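In: let's see this in three dimensions:
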Amino acid sequence: MSKMSNKASDLSPLKAHLGYWLRAVSNQVSHAFARKLEARGVSVAEWVMMRELYETDGLAPSHLAMELGMTKGAITKLADRLIEKSLITRHIRTDDRRAQTLALTPTGRKLVPALAALADENDAAFFGHLSAAEQTRLRAMLQAIVQHHGFKNIPVD
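Out: Numbers count the residues shown, from 1 in each chain. A predicted model of the protein is given here:
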């Protein structure tokens, strides 16, 4: 029976891992933003859907699912919550009852810029101490990781 080594020197230190630092930053940034959104009655996932709808007159749930990397069921649940809050509407085509379009209500359209300002403020609070060049490099590095691995899902939690 061989003995397993339990020496700490055999292990890489926890803080030597890039994932450790990425998670430490991500958790703080994400949780701060989620609290700001929750104070306005919106979740991060709801904000992401509303922001996607903001540039359009309406989108099919299947298009949103593809763009956001979510299932159609998740999109339906989000849409139901946003409809209940009077922030989006669901239009069903009369010629094809299966075809739907989701769109922001006037209230939802008015709320998106205020929520976008919260996102900007959150970024400034966490990354404002970095120079513009450092922020550009960090963004490029993170985008390169996403592209290399083919990540498709938009972070919503």
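In: name the helix or strand of the protein that has the lowest mean pLDDT.
Out: Taking mean pLDDT, DSSP states H and E as the measure, the helices and strands of the chain show their lowest mean at helix 61-68, namely a mean of 92.
In: helices of this protein, start to end?
Out: Across the chain, reading from the start of the chain, the helices by DSSP state H fall at 18-39, 44-54, 61-68, 72-84, 106-127, 132-149.
In: next, the angle helix 44-54 makes with the fourth one.
Out: Yep, that's helix 72-84 we're talking about. Angle, helix 72-84 to helix 44-54, by axes from the mean of the first three to the mean of the last three CA atoms, to 10 degrees: 80 degrees.
In: any weak-confidence spans in the protein?
Out: Across the chain, the ranges flagged by pLDDT under 70 are 1-8, 96-97, 155-157.
In: list the buried residues for the least confident helix or strand of the chain?
Out: With burial defined by 16 or more other CB atoms under 10 Å, the residues of helix 61-68 counted as buried are 61, 64, 65, 68. C-betas here are computed from N, CA, C, even on glycine.
In: for residue 89, state which of those is nearest.
Out: residue 61 (12.6 Å; CB to CB).
In: mind listing what that closest one touches?
Out: Taking CB atoms under 8 Å, 6 or more residues apart in numbering, we find residue 61 in contact with 72, 75, 76, 79, 100, 102.
In: mind listing what the residue nearest to the first one when sequence neighbours are not counted touches?
Out: It refers to residue 72. When the adjacent residues along the chain are set aside, residue 72 lies closest to residue 65, with 4.9 Å between them (CB to CB, 6 or more residues apart in numbering). With contact taken as CB under 8 Å, 6+ apart, residue 65 is in contact with 71, 72, 74, 75.
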